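1. How does the following fold in three dimensions:
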Amino acid sequence: MYKKVEIIAEVKTISPFGYSSKKTWNELFEVANKIGDIISIHTDPRWGGSFELLRKARSLTNKPLLAKGIHETDEDIQRAIDCGANFVLVVGRIPKIYLEKCLIEPLTISELKIIPENLKTVWNARDLKDGSVKKETFADARKAFGGWLCQASHIKTIKDIEDGADAILVGTNLLEFTNSLGVLDASHKIM
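-> From the prediction side, this is the model:
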């Protein structure tokens, strides 16, 4: 936790938008386990994930796990829970099951406005169609949604945490962000 903001630390080795980590999944997991209040594990192979990696993560930590992926069906949510996830990211829809365990990621502010404020919600600054930065900002999202809201994408250091964020989800810039917390040495080893 950083100044009452939960840290969701993501283990991401690649993305469909050109990102490729120089660190292995195990090395990134070690960092995420050190700094995260919740550890985000991708289930989608486009981001280097799988349900098997989620199961592996469950065997390596007692911290809460977020299954990160699109999770287009409720069956995907059930599978993530069965593999050890405490929470499941669901993109672009409100599921029929495990609402208390789902983090809902709307694609637009219009979608955000119809999500009940008792549900946990993620505002991703990245447009999932092409990886570009959305025109709608976290500040716009915060104005539109009064409930629990997580800031995601383009968070490089603690200075990038927006006012009003209840949580942040850090993935691509995990090492740089961790360094800004002062828990990595110059070679990105945990101190």
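2. For the residue positioned nearest the centre of the chain, give the beta-bridge partners.
-> The structure's the chain has its C-alpha centroid closest to residue 169; by C-alpha atoms, centre = their mean the separation is 4.1 Å. Beta bridges link residue 169 to residue 8, residue 152 when assigned by DSSP bridges.
3. Hmm, residue 40 and it touching each other?
-> Yes - at 6.2 Å, residue 169 counts as touching residue 40 under the criterion of C-beta atoms under 8 Å. Every residue, glycine included, has its C-beta placed from N, CA and C.
4. Touching both of those two, which residues are there?
-> Here residue 169 and residue 40 have 8, 10, 66 as joint contacts, going by C-beta atoms under 8 Å, 6 or more residues apart in numbering.
5. What is the neighbour count of the closest residue to the second one other than its chain neighbours?
-> Think residue 10. With C-beta to C-beta, 6 or more residues apart in numbering as the measure, residue 171 is the residue that lies nearest to residue 10, at 3.3 Å, once sequence neighbours are left out. Residue 171 has 25 neighbours, counted by other C-beta atoms under 10 Å.
6. Give me the nearest residue to residue 98, chain neighbours excluded.
-> Using C-beta to C-beta, 6+ apart and skipping the chain neighbours, the partner closest in space to residue 98 is residue 77 (5.6 Å).
7. quick one: low-confidence parts of this structure?
-> With pLDDT under 70 as the threshold, the chain has low-confidence stretches at 184-191.
8. Residue 48 contacts residue 28, doesn't it?
-> No - in this structure, residue 48 sits apart from residue 28 without contact. The criterion is C-beta under 8 Å, and the distance is 9.4 Å.
9. anything in contact with each of the two?
-> Overlap of the contact sets of residue 48 and residue 28 (by C-beta under 8 Å, 6+ apart) consists of 12-13.
10. where exactly do the strands run in this protein?
-> Per DSSP state E, the chain carries strands over the ranges 6-11, 38-42, 65-68, 87-91, 102-105, 120-124, 149-152, 167-170.
11. contacts for the fourth one?
-> By C-beta under 8 Å, 6+ apart, the residues outside strand 87-91 that reach it are 38, 40, 64-72, 76-77, 80-81, 98, 101-105, 107, 120, 122, 128.
12. filter these to the buried ones?
-> 38, 40, 65-71, 76-77, 80-81, 98, 101-105, 107, 120, 122, 128 (16 or more other C-beta atoms under 10 Å).
13. Check the gap between residue 85 and residue 179 for me.
-> Counting by C-beta to C-beta, to the nearest Å, the gap from residue 85 to residue 179 is 28 Å.
14. Looking at the two, which has the bigger crowd around it?
-> A direct count of neighbours by other C-beta under 10 Å for residue 85 and residue 179 places residue 85 higher, at 27 against 17.
15. just checking, that one touches residue 69?
-> No - contact criterion C-beta under 8 Å: residue 85 and residue 69 do not qualify, at 10.1 Å.
16. Stretch 42-61: which residues count as buried?
-> Neighbour-count burial for stretch 42-61, with 16+ other C-beta under 10 Å as criterion, is recorded at 42-44, 47-51, 53-58.
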